[in-house]
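Student: let me see the structure of the following:
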Amino acid sequence: MTPNELTNFLHEQIPLAKALDIEIIKATDHEVEVFGPLSPNRNHMGTAFGGSLSAVLILSCYTWLFHRLDQAGFSAHVLIKEGKTDYQLPVEEDLRAVCLSPDESQFEKFIESFKRKGMGRITLKAHIKNACLFEGVFVAQKSSEPRLG
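Tutor: So this is what the prediction gives:
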């Protein structure tokens, strides 16, 4: 799926993504970048609202995993199991969350489990510059629904 197709998918499937006005800027095997304008995501201090920061970070990881599975020819439901966001500095500009791929051996282990059990877990990390760091465990379950791409 292209970044535009991924953006449309998120807006259709996850209403919060549309409300946050997010856009997928980049989607490759190695990274996903999610953009969110500050205006609809600001708090009373004029900086980015913590909930928006967390959501954009989670969406970057969700999109990376969904995209990788789609590229590999799998139809899957992606869910977050647990996550932690570390807010280090206020964000005073548009939000740009980046999820970088984990070590390839970790992804291969995940795919092995996904193929064998119909489900896999993987830990993913994302950041917004040096202001916010996120780490979460994501679960993918095989879906009988046709692939979207």
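Student: mind listing the helices for the chain?
Tutor: With helices called from DSSP state H, the chain shows them at 3-13, 15-19, 50-71, 104-117.
Student: with mean neighbour count added, can I get those helices in a markdown table?
Tutor: Any C-beta I mention is one placed from the backbone N, CA and C, and that applies to glycine too. Formatted as a markdown table, the helices of the chain follow (neighbours: other C-beta atoms under 10 Å):
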| stretch | mean neighbour count |
| --- | --- |
| helix 3-13 | 17 |
| helix 15-19 | 15 |
| helix 50-71 | 23 |
| helix 104-117 | 14 |
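Student: so for S143, which of those sits nearest?
Tutor: helix 50-71 (9.6 Å; C-beta to C-beta).
Student: close enough to count as contact, G50 and D86?
Tutor: No. Contact between G50 and D86 fails when scored by C-beta atoms under 8 Å: they sit 11.2 Å apart.
Student: could you report the neighbour count for the closest residue to E112 other than its chain neighbours?
Tutor: Spatially, and ignoring its direct neighbours in sequence, E112 is nearest to G120 (7.8 Å; C-beta to C-beta, 6 or more residues apart in numbering). Residues within reach of G120, counting by other C-beta atoms under 10 Å, total 23.
Student: show the pLDDT at G120.
Tutor: Note on G120: pLDDT of 96.
Student: now swap in M1 and tell me
Tutor: Here, the pLDDT recorded for M1 equals 89.
Student: my guess is it contacts L10. True?
Tutor: No. Look at M1 against L10 with C-beta under 8 Å: they stay out of range, at 10.5 Å.
Student: quick revisit: which one of the helices of the chain lies nearest to E92?
Tutor: Using C-beta to C-beta, the helices of the chain put helix 50-71 closest to E92, at 11.9 Å.
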